[in-house]
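1. okay, sequence plus prediction incoming.
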Number of protein chains: 2
Amino acid sequence: MGALVGNAVVGQAGGPTAVINQSLVGVVQEVQKYSHIRNLYGARHGVRGIINEQFYDLLRQPTEMLDLVSQTPAASLGSTRDKPNREYCERIFEVFKKLDIRYFFYIGGNDSAATAQIVNTLAKDAKYPLRVIHIPKTIDNDLLVTDHCPGYGSAAKFVASAFIGDNLDNRALQGVKINILMGRHAGFITAASILARQREDDGPHLVYVPERPFSIDQFVTDVEAVFDRYGRCLVAVSEGISDEKGELWASKVSVLKQDGLEKDAFGNLQLSAGAGSLADYLAGTLRAHCKNIKRVRADTFGYLQRSFPGYASPVDAWEARLVGQMAVSYSVDAEVDGSVALTRLPGTTYAVGTRLVDLAAVAPEHEPKTKVLPDHYISEASNNIHSSFREYVGPLVGDLPKVGWFEQIAEAAVSGR
Amino acid sequence: MGALVGNAVVGQAGGPTAVINQSLVGVVQEVQKYSHIRNLYGARHGVRGIINEQFYDLLRQPTEMLDLVSQTPAASLGSTRDKPNREYCERIFEVFKKLDIRYFFYIGGNDSAATAQIVNTLAKDAKYPLRVIHIPKTIDNDLLVTDHCPGYGSAAKFVASAFIGDNLDNRALQGVKINILMGRHAGFITAASILARQREDDGPHLVYVPERPFSIDQFVTDVEAVFDRYGRCLVAVSEGISDEKGELWASKVSVLKQDGLEKDAFGNLQLSAGAGSLADYLAGTLRAHCKNIKRVRADTFGYLQRSFPGYASPVDAWEARLVGQMAVSYSVDAEVDGSVALTRLPGTTYAVGTRLVDLAAVAPEHEPKTKVLPDHYISEASNNIHSSFREYVGPLVGDLPKVGWFEQIAEAAVSGR
């Protein structure tokens, strides 16, 4: 049976990443190899661009511009958080039929995989031949099945780099510094901060992830213990930490609490709305309780983690390109639909392979719908990440900025001259 | 008259920058050329390291480590915010006499220049031959006399880069995004965000600096006008904005207000304590007042602006090295004390020279003690920065990450196929 002849649509959805356009350009490059895909339409702002028939003509863009776009952070097609319902999907099909769309490549997270799955089911019900391939992307690294998600490595690189600098800053002007990092349910981004450690006393000294309940009393005790030991303390905290009852700390302390925190169309809390106050609240708590700690500061890294330009992890960029290319390749070779997953190959040298997995496996109807940080990486006291996590995240990040330091000399060596 | 023979001390003070160690290594390299400076002691944590006699022996550090340190952000000697009083300075002199210190190089901002000036005066009163040279450093770019401050260009590069990415993020998922930037009194860092603009509709669309009062009503009106025009809005706000009465917005809205904001030893408000809440407050205000704007986010860039590693502006790094070298050079050639200033040379190609200026000019007793953004760069409506500012800041930042975008095609061109 020959390949399905027709046009293709590619879209991008969810939060941008530093390498989501690599996947897009991977799709474009691979489609260029096949004559059975006649046109490749880039949907503006994901599914919304489909129903509004707003597209970029991706096979007619200059090669130089494609190269530049591939290195550009944030979805160049525009993104969306629209969650199509039945009526929305019917409108999508009207457009697909009208434009003879036979291939739908959707780059996004698990919500996007769910959208792809609905569209796929509708196509099958209508006996409309359509290949639907989901291309994974998320800085949170919380997709099921795949070893890791394109986008995560670059976010991890940014965070690890920032901690290298902030650890030096904290060394130069000693005190307590708290950094709030992205991660609603999964602590992968926050855990990547441990890559900043080089010397025995380097921070982050404490790491709190959403996988474990966060107690403010324990936090104060933990910080005091580190401060007593090193005269300073650098802390990494996920924005998604909750208390023992499961209530979000960001929600509890937000200056916006009276309005409630905003939810997106998928019911996800928009934690960025209250993360700034969380930083200030944690810092204020330490100031109030730890009278011997003179200097407490707190920052929230925010969107820089996902969209800082010119700083992507090379491995992440390459893998993001690969999953885009493979999505097209799978759509040609097999009459199956699915999601492209990365598999880490066994051996001492880091290497990955790809495979196509069921959409239902990536966007299941039952819980858990997302992955969290494996328990064995989290310390028993729930306040740190074991160095074994370096083996997982290190290869995804690649080289980090090198820094130097002076060796200390005894005072007597100077004074006694 | 021959050069003063003896030992030298170099120290770093105030908030770290990405290139403050370039100045340090510049001092080390230049001192290595002269035999009359017998030892170069690096004071740990500035003046505190002097009175505690805690030093690094800087002429006996491996060259490779010096190279690495020069590229390392944040003060490698350790920094301090100590403000020496008379008794403190007398202890400094005891150590200087004991160690035969004849040269004191102090890398820092205007507070450090003031410290250098006090030490200098005490030395003169005691008829103790001592060369005191202040080496400028501050990301705020608020030092008097000098055209610009080493450290600023790298902070500006980080901010401009972050805005390039965030503008793309805001384009991909449209809405309002507010970024709070460093700058207590001077809007230089915030103004650098305009370097991110490439296309006519690129952000930042609104820029608020501390030099003008900030009205929340005007802010809401400004954002609504931009949103009506572009369907999105990217805003840059200095952490140091005040209301018409001069009260800081960060102080007014802080979740920590009950404790009051922390002041450092120089009486400077530590705005980072409340900047996270300011971000949340501004976002919350827009959510409450602008019902047609569905998506509002806010971030505070924080310390990343001054300590992100591996991302310094090459020009800034070079100039920071230069002022360190010249400080030593001036100390040898002339029997004067002072602060090294950068002068922008006339001509179409960017070039700088250095000169030695009076310490009193950089750390005057009278107001103003610091520089602010010149009025002609700020728009009449106090909500933007004129593009003429690019000519000032552009050369200090150097190349920014290149990004690409697709050309839009009319819907009919696709639909009508």
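-> Received, thanks.
2. residue ranges with poor pLDDT in chain A?
-> Where chain A drops to pLDDT under 70, the residues are A:1, A:254-275, A:334, A:408-417.
3. so how far is stretch A:376-388 from its chain's centroid?
-> Counting by C-alpha atoms, centre = their mean, to the nearest Å, stretch A:376-388 is centred 21 Å from the centre of its parent chain.
4. do a quick rundown of the helices in the stretch 51-200 of chain A.
-> Remark: helices assigned in the stretch 51-200 of chain A by DSSP state H, counting those that start in this stretch are A:63-70, A:86-98, A:110-125, A:152-172, A:188-191.
5. now the longest one: how far from the chain's centre is it?
-> Centroid separation between helix A:152-172 and its chain, computed with C-alpha atoms, centre = their mean, is 16 Å.
6. check the third one too.
-> Put simply, helix A:110-125 sits 22 Å off its chain's centre (C-alpha atoms, centre = their mean).
7. thinking again about what came up before, let's have the helices of the stretch 51-200 of chain A in CSV, adding mean neighbour count and distance to chain B.
-> Every residue, glycine included, has its C-beta placed from N, CA and C. CSV is the format used below for the helices of the stretch 51-200 of chain A (neighbours: other C-beta atoms under 10 Å in any protein chain shown; distance: least, C-beta to the nearest C-beta, whole Å):
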stretch, mean neighbour count, distance to chain B
helix A:63-70, 16, 3
helix A:86-98, 16, 7
helix A:110-125, 22, 13
helix A:152-172, 27, 4
helix A:188-191, 30, 15
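8. would you turn those helices into TSV with distance to B:Ile118?
-> Converted to TSV, the helices of the stretch 51-200 of chain A look like this (distance: least, C-beta to C-beta, whole Å):
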stretch	distance to B:Ile118
helix A:63-70	54
helix A:86-98	70
helix A:110-125	61
helix A:152-172	22
helix A:188-191	44
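9. B:Pro368 is nearest to which of these?
-> The closest of those to B:Pro368 is helix A:152-172. By C-beta to C-beta, the value is 27.5 Å.
10. in terms of secondary structure, what does that closest one contact?
-> strand A:176-181, helix A:188-191, strand A:233-238, helix A:304-307, helix A:314-333, helix A:389-397, helix B:304-307 (3 or more C-beta pairs under 8 Å, 6 or more residues apart in numbering or on different chains; DSSP states H and E).
11. do the longest one and chain B meet at all?
-> Meaning helix A:314-333. No - shown here: helix A:314-333 not in contact with chain B (C-beta under 8 Å from any C-beta of the partner chain), separated by at least 13.2 Å.
12. and the following helix or strand past that helix, which strands flank it?
-> Using DSSP states H and E, the helix or strand that follows helix A:314-333 towards the C-terminus is strand A:338-344. Paired neighbours of strand A:338-344 in the sheet (DSSP bridges): strand A:131-136 (parallel), strand A:352-357 (antiparallel).
13. which residues are contacting the last one?
-> Looking back up the chat, that one is strand A:352-357. A:133, A:145-147, A:319, A:322-323, A:326, A:330, A:334, A:336, A:338-345 (C-beta atoms under 8 Å, 6 or more residues apart in numbering or on different chains).
14. which stretches of the stretch 151-300 of chain A form strands?
-> Listed in chain order, the strands of the stretch 151-300 of chain A (DSSP state E, counting those that start in this stretch) span A:176-181, A:206-208, A:233-238, A:296-300.
15. of all those, which lies closest to chain B?
-> Closest of these to chain B is strand A:296-300, at 3.2 Å (criterion: C-beta to the nearest C-beta).
16. got the angle between that closest one and strand A:176-181?
-> 10 degrees (axes from the mean of the first three to the mean of the last three C-alpha atoms, to 10 degrees).
17. drop anything exposed from the contacts of strand A:352-357.
-> A:133, A:145-147, A:319, A:322-323, A:326, A:330, A:338-342 (16 or more other C-beta atoms under 10 Å in any protein chain shown).
18. which one of these is nearest chain B?
-> Using C-beta to the nearest C-beta, those come closest to chain B at A:Val323, 18.8 Å.
19. domain-wise, how is chain A divided?
-> Per automatic domain parsing, the structural domains of chain A span A:6-150+A:311-362, A:156-308+A:373-397.
20. and those domains: which comes nearest B:Trp405?
-> Nearest of the domains of chain A (C-beta to C-beta): domain A:6-150+A:311-362, 6.0 Å.
21. quote the end-to-end distance of that closest one.
-> Criterion C-alpha to C-alpha, to the nearest Å; first-to-last residue distance in domain A:6-150+A:311-362 is 27 Å.
22. and it, how far out from the chain middle?
-> 16 Å.
23. grab the nearest non-local neighbour of the most centrally placed residue in chain A.
-> Nearest to the mean C-alpha position of chain A, counting by C-alpha atoms, centre = their mean, stands A:Ile139 at 0.6 Å. Nearest residue to A:Ile139 in three dimensions, chain neighbours excluded: A:Ala155, at 3.8 Å (C-beta to C-beta, 6 or more residues apart in numbering or on different chains).
24. for the closest residue to A:Ile194 other than its chain neighbours, give its distance to chain B.
-> Leaving aside its sequence neighbours, A:Ile194 sits nearest to A:Ile385 (C-beta to C-beta, 6+ apart; 5.0 Å). Distance from A:Ile385 to chain B, counting by C-beta to the nearest C-beta, to the nearest Å: 21 Å.
25. so how many other residues sit close to A:Ile385?
-> 24 (other C-beta atoms under 10 Å in any protein chain shown).
26. can I assume it is in contact with A:His205?
-> No - A:Ile385 lies out of contact with A:His205 (C-beta atoms under 8 Å); the separation is 11.3 Å.
27. quick one on the thing from earlier: mind checking which of the helices of the stretch 51-200 of chain A is nearest A:Asp399?
-> The closest of the helices of the stretch 51-200 of chain A to A:Asp399 is helix A:152-172. By C-beta to C-beta, the value is 8.9 Å.
28. so what's the closest residue in space to A:Phe301 that isn't next to it in sequence bridging to?
-> Take A:Phe301 and drop its neighbours on the chain: the residue closest to it by C-beta to C-beta, 6+ apart is A:Leu181, 5.7 Å away. Counting by DSSP bridges, A:Leu181 is bridged to A:Ser238.
29. number of residues surrounding A:Leu181?
-> Neighbourhood size, A:Leu181 [other C-beta under 10 Å]: 30.
30. correct me if wrong: it contacts A:Tyr303.
-> No - look at A:Leu181 against A:Tyr303 with C-beta under 8 Å: they stay out of range, at 11.9 Å.
31. from the buried ones among the contacts of strand A:352-357, which two are the most distant?
-> Among these, A:Ile133 and A:Asp147 lie farthest apart (C-beta to C-beta), at 18.4 Å.
32. and the nearest residue to A:Arg287 once chain neighbours are set aside, what is it in contact with?
-> Distances taken as C-beta to C-beta, 6+ apart put A:Val296 closest to A:Arg287, at 5.3 Å, once the chain neighbours are dropped. Neighbour list for A:Val296: A:175-178, A:283, A:286-287, A:290, B:262, B:273 [criterion: C-beta under 8 Å, 6+ apart].
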